[in-house]
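Enquirer: With the sequence up front, the predicted model follows.
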Amino acid sequence: MHVLIRGAGIAGLTLAHELVRAGAQVTVCDVRAGPAGSASWLAGGMLAPWCERESAEEPVLTLGRLAADWWDTALPGHVLRNGTLVVAPARDAAELNRFATRTGGHAWLDGDGVAALEPDLAGRFRRGLFFRDEAHLDPRRAMTALIAGLKAAGVRFAYGNDTSVEADRIAYCTGMAAADDGLRGVRGEMLLLRTKEISLSRPVRLLHPRIPVYIVPREGHHFMVGATMIESDDDGPISARSTMELLNAAYSLHPAFAEAKIVETGAGVRPAYADNLPRVKQTREGISVNGFYRHGFLLSPAMAQEAAALILNERVEALNEAHG
Amino acid sequence: MLTLYGETLTSRLLLGTAQYPSPAIMAEAVRASACDIVTVSLRRETAGNRTGGQFWELIRELGVRVLPNTAGCHSVKEAVTTAQMARELFGTDWIKLEVIGHHDTLQPDVFGLVEAARILSAEGFRVFPYTTDDLVVAERLLEAGCEVLMPWCAPIGSARGPVNVDGLRAIRAHFPDIPLIVDAGLGRPSHAGMVMELGFDAVLLNTAVAKAGDPAAMAAAFAGAVEAGHVAFRAGPLEPRDMAVPSTPIIGKAVFE
């Protein structure tokens, strides 16, 4: 069977991986010139279903907890299983209690516990929450490696064009470009900072009643700071306000971030359905996999498995059946 | 029935639409609250000149009246511009006016608020000002053209409930004929019930519902408390006393010994 996948973001790439594993012939096309520019390229890369459960519904946890293993199998060596640390500024300490009551899979830490995990944060927080079983990866390295692996397995990539290839089935993984009335855009903005003044081993979430922010350490002394959540389909440059708020949060995590270089700013639009859960749908044109909201790397493995099963006519337990 | 700027409303609960886990859950909460008015933050949900069209569509589908707000505006100019954008976008001259004076407490800048209220009223807006319980500021807002006042009972999002009950009593007593809506600071349904028992006309909530474990259930709980408090106020609650008063008279009580 030959499957054409439209869209080379994380939804398309994970689906291609599942289909190739099942022996299908796959072509991936994308109107973009390369992986940069997709919403996935700007992602945090956190595999943090327990933390996300604070505001997301149960399927995000049940489907997302399988993600770290999927990525580890697909891309050995990419997944860092160091957990997630959640802290709050002293004045917003009550937010930590609230977060703890809304989530599971965590342990309370005192100041020494925080320092033991992240020595550079010693003395800065008197309490924290540790989500031991969470993981993270670098989205750009992961996408690049996934593409390389797929090419090696014979997948043809057609970047920069939308040409029709003869295929038995077509899968639409086109995010906001899809003609789907149920989708809306949720704008996200991020910063990439570089500093040698501080090092972190795991994503750190800083709680704040208005602007919760995460900082994810990456190779080469880089830190991804994200991300805003704005009900808008504008993908224009990051606003001054968002830059200020993200930098403020980084600074309140550790003042060393004041001296960091801003290596990159980014803004993209997350495709989301009204319940913020992704869907695998059979449409007249083919299979649609969309609506990952802020959970691309977390939920694309589970959705790719569902979609691949649907394409290969296997038994399907689509997520949209689970939640209507 | 509650009348605001000539509109008659059945519900005395106004609900904000920010901070819910998803628009679907927000819609459930709005339905569960049976509210007639939702507030929508223009500033937060827009970036640049483009807007979250699908998000507006979801709100329009709720079939309730939209009260746009100027949340997050820190200057008169910003608030006025946001109000003008909101009028165009939502086709309503209603505006919840917020001019924030202090970043940490989100306390209103009452001087800027009065000025912005005057400008907007002159432009034909129906202004719902988010203010403190200060009586002089309230008078100035009425002079500026406001026909509704929305005093806070505690800082926005603090969930503390009424921190100055005497202040709330005073503003109610001073303006017996002006619709007064307690806006901001309510954390629990009992807080809402309490201010309604003081005779306030309505309450406006957002965080207490949006950030609850089950927003729809909490919205229904608030709706019940608001209604109970209002009925209790109209029924004339007993004033507290220092001494016990037996509910059965002692004198004349039959003796069976």
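Expert: That came through fine.
Enquirer: The stretch 151-300 of chain A against chain B: which residues are in contact?
Expert: A:183-187, A:209-210, A:230-234, A:236, A:239, A:272-277 (C-beta under 8 Å from any C-beta of the partner chain). Placement of C-beta: from N, CA and C, glycine included.
Enquirer: out of those residues, which are inside strands?
Expert: Per DSSP state E, strands hold the following members of those: A:184, A:185, A:186, A:187, A:230, A:231, A:272.
Enquirer: And the contacts of stretch A:238-252?
Expert: A:89, A:189-191, A:193, A:206, A:208, A:211, A:213, A:215, A:223, A:225-226, A:228, A:257-258, A:260, A:265-267, B:47-48 (C-beta atoms under 8 Å, 6 or more residues apart in numbering or on different chains).
Enquirer: Buried members of the residues you listed into ChimeraX, please.
Expert: Provided next is the ChimeraX selection string for whichever of those are buried by 16 or more other C-beta atoms under 10 Å in any protein chain shown:
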select /A:89,189,190,191,193,206,208,213,215,223,225,226,228,257,260,265,266,267 /B:47
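Enquirer: what's the least confident helix or strand in chain B, going by average pLDDT?
Expert: strand B:46-47 (a mean of 48; mean pLDDT, DSSP states H and E).
Enquirer: Tally up the residues packed near residue 105, please.
Expert: The chain I'm using is chain A. Counted with other C-beta atoms under 10 Å in any protein chain shown, the neighbours of residue A:105 add up to 19.
Enquirer: Chain B is the one I meant
Expert: Counted with other C-beta under 10 Å, residue B:105 comes out at 13.
Enquirer: Smallest gap between the stretch 51-200 of chain A and chain B, at which residue?
Expert: residue A:184 (3.2 Å; C-beta to the nearest C-beta).
Enquirer: Next up, the contacts around residue B:169.
Expert: So residue B:169 contacts residue B:198 (C-beta under 8 Å, 6+ apart).
Enquirer: how much space between it and chain A?
Expert: Look at residue B:169 and chain A: by C-beta to the nearest C-beta, to the nearest Å, they are 28 Å apart.
Enquirer: Can you point out the helix or strand that includes that residue?
Expert: helix B:165-174 (DSSP states H and E).
Enquirer: ok, and what's touching whichever helix or strand comes after that helix?
Expert: Of the helices and strands lying after helix B:165-174 in sequence (DSSP H and E), the nearest is strand B:181-183. Strand B:181-183 has contacts (C-beta under 8 Å, 6+ apart) with B:14, B:96, B:128, B:130, B:148-153, B:162, B:168, B:192, B:195, B:200-204.
Enquirer: Give me the next element, helix or strand, following strand B:181-183.
Expert: Next element after strand B:181-183 (DSSP H and E): helix B:189-197.
Enquirer: so where do the helices sit in the stretch 201-324 of chain A?
Expert: A:240-253, A:296-311, A:319-323 (DSSP state H, counting those that start in this stretch).
Enquirer: swap in chain B?
Expert: Shown for chain B, the helices assigned by DSSP state H span residues B:23-33, B:53-60, B:76-90, B:110-122, B:135-143, B:165-174, B:189-197, B:207-210, B:215-235.
Enquirer: tell me the angle of the helix holding residue B:169 relative to helix B:215-235?
Expert: For helix B:165-174 against helix B:215-235, the angle by axes from the mean of the first three to the mean of the last three C-alpha atoms, to 10 degrees is 60 degrees.
Enquirer: Would you indicate which residues of helix B:165-174 are buried?
Expert: B:167, B:168, B:171, B:172.
Enquirer: Among the residues you listed, which one sits closest to residue A:75?
Expert: residue B:168 (59.4 Å; C-beta to C-beta).
Enquirer: residue contacts, that closest one?
Expert: So residue B:168 contacts B:133, B:151, B:153, B:162, B:182, B:195, B:198, B:200 (C-beta under 8 Å, 6+ apart).
Enquirer: One more: residue A:13?
Expert: A:28, A:143, A:146, A:147, A:150, A:300.
Enquirer: Which one (most neighbours) among the residues you listed?
Expert: Each of the contacts of residue A:13 was scored for neighbours by other C-beta under 10 Å, and residue A:300 scores highest at 29 neighbours.
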